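Trainee: heads up, no residue letters with this:
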């Protein structure tokens, strides 16, 4: 194959990927819990927008990128600009850490086969009693099968734990379980591929 053919094939493939991502964004991403299409921020009612923006201003001390905020109405979950929905269109499975900005936030289940969970336990000693994932007796690899009352995800880079928690209104938000300062905005260094 010639260099020109390879370059042409690469450009065509890149265009197809970009078009598919745009189509998925227009159609909407599915919620990773109930599989219902997420609602874009601009399609929410004025009251819902105020509630969501108030949460971020008061609790996280930041203004989210509203073009990257999506809501699952049946679950009442707000996927924010750190959740990865806009960039990967796979809901929370590819979240970016709100503390260090790294794209390594995952469920802890698969980490039980490694020694990595011990790092989370050491860095979050005050949460071990409240977060069953840090002392999971089943050590299941698929956290979707878990019935723990508080399921967490964790950043494999800085060991920050995140959990879905209620806000002041009806919505739930992915919240960092730490006193460390949160980033004001997300910068996706991976282009959506984590």
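Mentor: Cool, the structure landed. Since the model is a prediction, treat every value here as computed from it, not as a measurement.
Trainee: which secondary structure element of this protein has the lowest mean pLDDT?
Mentor: Counting by mean pLDDT, DSSP states H and E, the chain has its least confident helix or strand at helix 85-88, which shows a mean of 55.
Trainee: residue 180 contacts residue 160, correct?
Mentor: Yes - under the criterion of C-beta atoms under 8 Å, residue 180 lies in contact with residue 160, with a separation of 7.1 Å. The C-beta positions use only the backbone N, C-alpha and C, and glycine is treated the same way.
Trainee: mind listing the strands for this protein?
Mentor: With DSSP state E, the ranges of strands along the chain come out as 39-40, 70-72, 77-79, 105-107, 152-155, 161-166, 172-176.
Trainee: direction included, what does the last one pair up with?
Mentor: Same thing as strand 172-176. For strand 172-176, the pairing partners within the sheet under DSSP bridges are strand 77-79 (parallel), strand 161-166 (antiparallel).
Trainee: average pLDDT across stretch 183-194?
Mentor: Stretch 183-194 comes out with an average pLDDT of 64.
Trainee: hmm, I typed the wrong one, I wanted stretch 12-19.
Mentor: Per-residue pLDDT over stretch 12-19 has a mean of 86.
Trainee: flag every buried residue along stretch 34-42.
Mentor: Judged by neighbour count (16 or more other C-beta atoms under 10 Å), stretch 34-42 contains these buried residues: 38-41.
Trainee: if you could redo that for stretch 173-187, that was the one I meant.
Mentor: Applying a neighbour-count criterion of 16+ other C-beta under 10 Å, the buried positions in stretch 173-187 are 173-178, 182-183, 186.
Trainee: and for stretch 154-162?
Mentor: 154-156, 158-162.
Trainee: could you dump those residues into JSON lines and include pLDDT?
Mentor: What follows is these, written out as JSON lines (pLDDT from 0 to 100):
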{"residue": "154", "pLDDT": "89"}
{"residue": "155", "pLDDT": "92"}
{"residue": "156", "pLDDT": "91"}
{"residue": "158", "pLDDT": "94"}
{"residue": "159", "pLDDT": "93"}
{"residue": "160", "pLDDT": "94"}
{"residue": "161", "pLDDT": "93"}
{"residue": "162", "pLDDT": "91"}
